[in-house]
Structures are given as C-alpha cells and as structure tokens.
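Asks: The following comprises the amino acid sequence and a computationally predicted model.
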Amino acid sequence: MIDLKALRENPAKFKEGAALKKMPVDIDRALALDEQRRALQTRRQALAGEQGQLEKSVGPLLGKLNGELKKATDPAQRAALEAQVAELRAKPAALKAQVQELEVQEKAVEPELTALMLTIPQPPDADVPRGQGSDDNVQLRTWAPAAGAVVTGGWDFAKSFKANRGFAPRTHIDLCGRLGLVDFPRGVKMSGTRSYVLAGDGMLLHQAVLRYAMDFMVRRNGFVPMSVPVLVREECMIGTGFFPAGREQAYMINERARADADVAGSAGGGADAKAAGHDLFLTGTGEVGLMGLHEGEILDEAQLPLKYVTVSPCFRREAGAAGKDTAGLYRVHVFDKVEQVIICRADEAESRRWHKEMLGYVDALLQSLGLPYRLLQCCTADLGVKNADMVDVECWMPGRGEVDADGVPSGGFGETHSASRLYDYQCRRLNMRYRAGGEAGKGAPVVCHSLNNTVAASPRLLIPILEMYQNADGTVTVPEVLREYMGGKTQIG
RNA sequence: GGUGAGGUGGCUGAGCGGUUGAAAGCAGCAGACUUGAAAUCUGCCAUGGGCCUCGGUCCAUCGGGAGUUCGAAUCUCCCCCUCACCGCCA
C-alpha cells in the first residue's frame, strides 16, 4: 500500500507510476473520497468532543438526580425531578445522534477508498527502464561456465548446443521420459493438467536441489531457516500484496461455504444457521509466510535486517496461462521453492544494497551449479503492483525455443528467479514497523522495507540442470555440488 | 469433537459501569550520585488519525464486530484466537 499522505502531496507521481506500470487506477477518485472522508471526520470529531465534555458535566448530576428520584415519594417532586433528568439527557443525546449520522456517512465512503488504495501500485524507480511489456526488458549481463569446465566443458552463448557439446540436445521432457524421472500421465490422472509425479532419481534430484539451496543460504549466507504456513487467511494475502490483484491466481479453500453446508445438512441446523470458520488460501510463494511473520509488530531497529529463508510448496492456478508452456516441468500448479526475504531499515541505499546482495547469492548458487544464465532488468510495464524494481534471472534451457527441420530446439532462456525491491509498500500493508533511533533514543515507529528473491524453484530448475548436464548417450551427469545430497551418485541413467 | 479458563501498552500483570489511555513491576530513555560501572534515587516512556496560528488540540483504539447505557476495558450477543483436561489421531 502506498502512503495516503504521500498521495495527497504528490498525486502526479502516483498517476505517472500507474501509467508506467500499465495499471489503470482512478487516483482522482481516491483523492476525492479521501477529502470527503476527512471533512466528515473533522465534523464528527468536533461534535464528539462536545458530546464528551457535556457527558462529563452532566453525568454526575444525572447520577445524583436519579438517586433522589429513587427516594422521592411526593408525586409533584418526582415529576419535577423527572423533567430535570429528561432535559439533562436531551442535549448529549441530540449530539450523539448527529455523531452517529456522520459516522454512517464516513463508513459509507471508506470501503471504496480502501479498495482503491489497495490497487494503487508503487511507482517504479526512476532508473527502471520504461517499456510496454516483457519485450522491453533489458539484459544486464550473462554468465556461462568457462571453456574446459569439468562437467559441461564450458559454454558459449554464441554457439548452438551441438556446436558447444558435439551432439543434438534432448529436451527435459524427453530425458525425463527415458530416464523415468517424471511420470506425467499419472500426475494428470490424479490432479489434471500441469500435474506431475517425480519418480526415483527425479525425486532425488529435486530434493537435492532444494536441500543444497537451503544449506547454501543458511550456512554460507547467514539466513535464518523458517518453516511457514502455506495455508493462510485472506488478510495475509492482502497484507503481503498478492491480493486483490492476484486473487484469481490463488487456490482457495472455501471453508465457510463448507461449514454452512454442513450446518444446513445436519438435522439440527436451521435454514438461517450460519456456521463459523474462515476461508483459507494456498500461498503461491514462501514469501507470504515469511513476510506475514512479523505482521503488526513494532521491531527493534537493532534486530534489523531480518534475513529469512524457507522451503515450501507453492500453489498457482495459472489462470490466464492456458496453452502456455503446457508440456513439461516449466509451468505447473504445484512446485517447491526455496525463497529468501530481507526486512531492513527504511533507507533507499540500504534497500538497493540488499537487492544486489540477494542477486549475488543467486549468482554464486547458479555458478556453483555451472548453469549459464542472464540477468534481466524488468521494465516498468513488467513490474507487479508492489515492486519498485525487479530483476529476473533466466537460465539457459537448451530444450526451449524454435525447433528446426531436424527436430532440434534452438534453446532459450527461461525464468527461474525474480528479485524484487519493495521499499515500504508491503510492510505498510502488513503494518510492520521498527523503532528508529536505536539506543540513542526512542524515535517514532518507521515502516520497514522489504525485499525478496528466489533461491531455487524446483522442478523448474531441473530443466536447465537435466538439459545442460545431459550426455550424448542420453544419461545425465549429476552436478558436483549436488552429489553429496544424492548419496554420492555421479550419473543418472 | 466434549468441558472449562482466558485474550489489557515492548513484556509480565491489575482493573470488571463514571477524569482508567489504563495501577504496579520488568525492559527502554534522560538526569542525579559515582573515577567508571553496578546499585540507588528522580523524571519520561502506546498506536493510528483529524484540525491547526506547528505550539498544541481533539477523536479513535484494552482480540474483532454489533448492541445496552447519559457514560463501557468493565454488561449482552456473534465471530476469531489461546491455554488446560478428556476423547480421537498422523
């Protein structure tokens, strides 16, 4: 969520930001509602103050009169007292009615304003390239193992796979079938399209990647490992910025409807019986659980930065992706991901520094795996609602791209990581703040900054591993760093 | 699933109809004492928001929502959550 005060002061900035992100949102309407609400609030509060004063002076007197009324026996005296009481009550009651009326008007304005505020995107940073879509993303740099690398023999982006390795590549789908690493038909039988079953060495390799990535972040980079819920309440999805924009991307567990049905179906349940419970959502990334951890908290500045890593299943409906990447392990409904998150002080320079750091961890990880990749600076139109800046990492996948006359794919980059810088957008929604000033003194609470980045998402990352490490005979060499996680196995097949 | 007890400031914990935005303790901050520190003493220490002559001032908030009342942390109802014991169970 953006800062409402900032919006008031500089609406143009947010209008431009929304335009750059290609996200139409009625900012003027938000401003008008805000002004309307404030006007109502000012009037209401003035009246409420008056009412409060009146009550304080009238209250004790009323108590006294009521006491006398109880004791009074003479009808004439009673009537006089009753009249006095009624008069005393009338004034604050009249004010209260006005206050309540204004309150009703305020509450009528609020939902629309809140809904609008949740959809106003964070403006992209000034140095993010402007663009119309993913085609305008800018390649920052590439990396490939040097010639003579032990396992893959090095890689040259200028040459085809065949020129690099001396044989035509098989796709990961082909390899998985031949080596029995993935059983797609049975996955589909049970769960429908985009489902799969990792089998044998395929499952081992998947686990090896995740465990290696986790150890890599914890042991080498000092991240705190966490297990977090993947089934969360709607507030958690809104707080982390995934809702309302991405609501159709998340699986929902409709517990309320179910509880209602149970009540209606049971013998004792009347038609109007409403069962308790709340709906839950399956998270599409461990980021939700990691960021939700400190929701509503005021942290001590000395605790920052918080560096968390988790490995969790991720659930995505892939609504609107019909037909895209339908074959293979690239786009699936459920996968596992090691995710890193950093919560730091509200400082742009620090935020930028951590962003580079987080990308550095991925550099080191992919280089240790010997996988060629590139860094892609996302352009304004390719950013989500919540980020000010985003850099994607794409691994080279020899099985992607155009297929030539001989059925050999050209290869292509496929996204495996995404590093976002959010400033305080996410933490403001989560109401996550820290006490500035540290030991020097107590400052006002400040909204934290947050960042996140993939460490390893599998099985997608298995695609470049299998395709890059395949051998002419159809076997696959196990990357050196993963061997200890596969019982020392050096080759699959 | 059954029964019972609870949810109060950074933490512990009083208050159960009327200057209680909230006692007390701990933690924190400032000062005094001290060569320094500890101990001790004194003072300050919630959050969000509105208005404003930027010094203030007012409003809201004691799990969330609705209600009763002139007045609610305190009473009523609904919801959420936690704990204990029993039952069941990976």
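Replies: Yes, it's here.
Asks: can we go C-alpha only for contacts and neighbour counts from here?
Replies: Noted.
Asks: Could you tell me how far stretch A:340-356 lies from the centre of the chain?
Replies: Chain-centre distance of stretch A:340-356: 16 Å, with C-alpha atoms, centre = their mean, to the nearest Å.
Asks: Which of the three states applies to the closest residue to residue A:23 other than its chain neighbours?
Replies: Nearest-residue entry for residue A:23: residue A:121, 7.6 Å, with adjacent residues in sequence omitted and distances by C-alpha to C-alpha, 6 or more residues apart in numbering. On the three-state scheme (DSSP: H, G, I helix; E, B strand; the rest coil), residue A:121 is labelled coil.
Asks: what do you get for residue A:106?
Replies: helix.
Asks: for the closest residue in space to it that isn't next to it in sequence, helix, strand, or coil?
Replies: Closest residue in space to residue A:106, ignoring its immediate chain neighbours: residue A:37 at 5.8 Å, by C-alpha to C-alpha, 6+ apart. In terms of secondary structure, residue A:37 is helix; the call rests on three-state DSSP.
Asks: From residue A:128, how far off is residue A:37?
Replies: Using C-alpha to C-alpha, to the nearest Å, one gets 35 Å for the distance from residue A:37 to residue A:128.
Asks: same check, this time on residue A:471
Replies: Taking C-alpha to C-alpha as the measure, residue A:471 and residue A:128 are separated by 40 Å.
Asks: List the residues that contact the residue nearest to residue A:23.
Replies: Applying C-alpha atoms under 8 Å, 6 or more residues apart in numbering, one finds that residue A:121 lies in contact with A:1-2, A:14, A:17-18, A:21, A:23, A:384-386.
Asks: Excluding residues flanking it in the chain, which one is nearest residue A:492?
Replies: By the measure of C-alpha to C-alpha, 6+ apart, the closest residue to residue A:492 outside its immediate chain neighbours is residue A:476, 5.1 Å from it.
Asks: what helix or strand does residue A:117 sit in?
Replies: helix A:75-119 (DSSP states H and E).
Asks: Counting by contacts, list what that helix packs against.
Replies: helix A:27-71 (3 or more C-alpha pairs under 8 Å, 6 or more residues apart in numbering; DSSP states H and E).
Asks: Moving C-terminal from the helix or strand bottoming out on mean pLDDT in chain A, which element do we reach first?
Replies: Within chain A, no helix or strand scores below helix A:255-265, which has a mean of 66 by mean pLDDT, DSSP states H and E. Next helix or strand after helix A:255-265 toward the C-terminus (DSSP H and E): strand A:280-282.
Asks: Do that following strand and RNA strand B come into contact?
Replies: No. Looking at strand A:280-282 against RNA strand B by C-alpha under 7 Å from any atom of the strand, there are no contacts, and the closest approach is 10.0 Å.
Asks: who's in contact with that strand?
Replies: Strand A:280-282 is touched from outside by A:230-234, A:237, A:250-255, A:314-315, with contacts defined as C-alpha under 8 Å, 6+ apart.
Asks: how near is the residue nearest to residue A:492 to RNA strand B?
Replies: For residue A:476, the distance to RNA strand B (C-alpha to the nearest atom of the strand, to the nearest Å) stands at 35 Å.
Asks: now do residue A:57
Replies: Using C-alpha to the nearest atom of the strand, one obtains 9 Å as the distance from residue A:57 to RNA strand B.
Asks: Repeat that for residue A:219.
Replies: Shown here: residue A:219 relative to RNA strand B, a distance of 29 Å by C-alpha to the nearest atom of the strand.
Asks: Confirm that that residue lies within a strand, as I assumed.
Replies: No. The assignment for residue A:219 (three-state DSSP) gives helix, which keeps it out of a strand.
Asks: per-residue pLDDT, it?
Replies: The score at residue A:219 is 96. That number is its pLDDT.
Asks: Give me the neighbour count for it.
Replies: 11 (other C-alpha atoms under 10 Å).
Asks: cool, and the one 10 residues further on?
Replies: Neighbours of residue A:229 under the rule other C-alpha under 10 Å: 16.
Asks: Quick check: phi and psi on the closest residue to it other than its chain neighbours?
Replies: Spatially, and ignoring its direct neighbours in sequence, residue A:229 is nearest to residue A:289 (5.7 Å; C-alpha to C-alpha, 6+ apart). Dihedral angles of residue A:289 (phi, psi; degrees, to the nearest 10) stand at phi -70, psi -40.
Asks: How many residues are close by residue A:289?
Replies: For residue A:289, the neighbour count with other C-alpha under 10 Å is 22.
Asks: about what we covered before: give the contact list for the residue nearest to residue A:106.
Replies: Taking C-alpha under 8 Å, 6+ apart as the definition of contact, the neighbours of residue A:37 are A:106, A:109-110.
Asks: hmm, back to that, can you tell me how far the residue nearest to residue A:23 sits from residue A:31?
Replies: For residue A:121, the distance to residue A:31 equals 15 Å [C-alpha to C-alpha].
Asks: Kindly report the same for residue A:208.
Replies: The gap separating residue A:208 from residue A:31 is 52 Å, by C-alpha to C-alpha.
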